[in-house]
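Colleague: got a predicted structure plus its sequence, pasted below:
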Amino acid sequence: MATRNSIEPTLVRFARHLHARRGLAEATVHNYVSAIRRLAPVIGFEPTPKAVEQQIERMHKAGASYSHIVNTSIALEAYCAFCGRPIKLGRPQKPHHLVRGTLSEAEITLLIAAARTLRERTMIATLAYAGLRNKELCRLRIRDVDLGGQTLHVQATKTQKDRYTHISSTCVSLLAEYLRERGGQLGDLLFVCFRSGKPYSQQNLRKLVRTAAKRAGLKKRVYPHLLRHSLATNLLHRGAHLLAIKEQLGHAFVETTMIYVHSSPEHTQLQYRMYAPSYL
């Protein structure tokens, strides 16, 4: 039976293999190694096809999420190949969940107004106007802000590709005011904890947005990623092209962006009314 301590040398070699032979990013390697570390006590050092299949079967029966099953399957395939026992696992059909509870423009206005400090207001506005992921906002540096070009340089996270995302003139004005008050060097993180000077964490960001929503009197469950969904939905309602929304959000595939069309019957209805043929 593999134990946490006994498998660590193998996991070190596995990580080196993923970096050197597969060319995978650090975050991906970390996820694969963590998955195998968790599963090794059950499936063993060098899992047999039967042990792997039984593990996947247990996950299905336990009602594990689509992403958890897929990510675990990919990690297991990589590890089995590393062990010289390659295996190809199937993938469950991807569920198509609708995006619900997005915030209207008026609700986001209330949310920004509920911020108590310039920093809080700037953070919420940047999330709302740029549609950033939590980690992307927390990793922004002063040099990433282009006030003249009204863009933000977003460092690679989920898709492993840098991108530029646009912000409105209103957001630019807030950022300019914040930067004048903040000061600092170009390489400094844009948002840090004032008391400790440490990077602003995603946990702190979630707490900030939740507290501001409570002050604003919003009855919905509000969290940072909801502002990203809300930007996509509001852009769609204003007539933005789907490909423009895709680039703004940094989606790798337009199919990911299409979820906002499926989740917005109002948009489809408006388009139908505008372009429906006249038969009578």
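Modeller: In hand now; what should we look at?

Colleague: where in the stretch 151-280 of the chain is pLDDT low?
Modeller: 156-160 (pLDDT under 70).

Colleague: what segments of it are strands?
Modeller: Taking DSSP state E, counting those that start in this stretch as the criterion, the stretch 151-280 of the chain carries its strands at 151-154, 163-166.

Colleague: so for residue 215, which of these sits nearest?
Modeller: strand 151-154 (26.2 Å; Cβ to Cβ). Every residue, glycine included, has its C-beta placed from N, CA and C.

Colleague: just the residues contacting the closest one, thanks.
Modeller: Contacts to strand 151-154, defined as Cβ atoms under 8 Å, 6 or more residues apart in numbering, come from residues 126, 130, 132, 136, 140, 143-146, 162-167, 250.

Colleague: buried residues, that strand. List them.
Modeller: Neighbour-count burial for strand 151-154 flags 151, 152, 154 (criterion: 16 or more other Cβ atoms under 10 Å).

Colleague: before we move on, the earlier item: the strands of the stretch 151-280 of the chain: which one's closest to residue 107?
Modeller: Among these, if distance is taken as Cβ to Cβ, the winner is strand 163-166, at 21.5 Å.

Colleague: just to revisit the earlier point, any chance of the strands of the stretch 151-280 of the chain in TSV, with distance to residue 20 too?
Modeller: Formatted as TSV, those follow (distance: least, Cβ to Cβ, whole Å):
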stretch	distance to residue 20
strand 151-154	28
strand 163-166	27
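
Colleague: and the ones you listed: which comes nearest residue 242?
Modeller: Taking the strands of the stretch 151-280 of the chain one by one with Cβ to Cβ, strand 163-166 is closest: 15.8 Å.

Colleague: quickly run through the sheet partners of that closest one, with directions.
Modeller: The strands beside strand 163-166 in its sheet (DSSP bridges) come out as strand 151-154 (antiparallel).

Colleague: chain center to the strand it pairs with: distance?
Modeller: Remark: strand 151-154 is offset 16 Å from the chain centroid, using Cα atoms, centre = their mean, to the nearest Å.

Colleague: export that strand as PDB, just CAs?
Modeller: Written as PDB, here are the backbone C-alpha positions of strand 151-154 (Å, rounded to 0.1, in the frame of the first residue of the first chain):
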ATOM      1  CA  THR A 151      -6.300  48.500 -21.500                       C
ATOM      2  CA  LEU A 152      -5.000  46.100 -18.900                       C
ATOM      3  CA  HIS A 153      -2.200  43.600 -19.500                       C
ATOM      4  CA  VAL A 154      -3.400  40.300 -18.000                       C
END
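
Colleague: and this protein, split by domain according to the record?
Modeller: 4-82, 105-274 (automatic domain parsing).

Colleague: dump those domains into JSON lines; add distance to residue 97 as well.
Modeller: Below are the domains of the chain laid out as JSON lines (distance: least, Cβ to Cβ, whole Å):
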{"stretch": "domain 4-82", "distance to residue 97": "9"}
{"stretch": "domain 105-274", "distance to residue 97": "8"}
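
Colleague: for residue 95, which of these is the nearest?
Modeller: Nearest of the domains of the chain to residue 95, taken as Cβ to Cβ: domain 4-82 at 5.6 Å.

Colleague: are any of the contacts of strand 151-154 buried, and which?
Modeller: 126, 130, 132, 136, 140, 144, 145, 163, 165, 167, 250.

Colleague: for the buried residues of strand 151-154, which one is nearest residue 60?
Modeller: Nearest to residue 60 among the buried residues of strand 151-154, with distances taken as Cβ to Cβ, is residue 154, at 35.8 Å.
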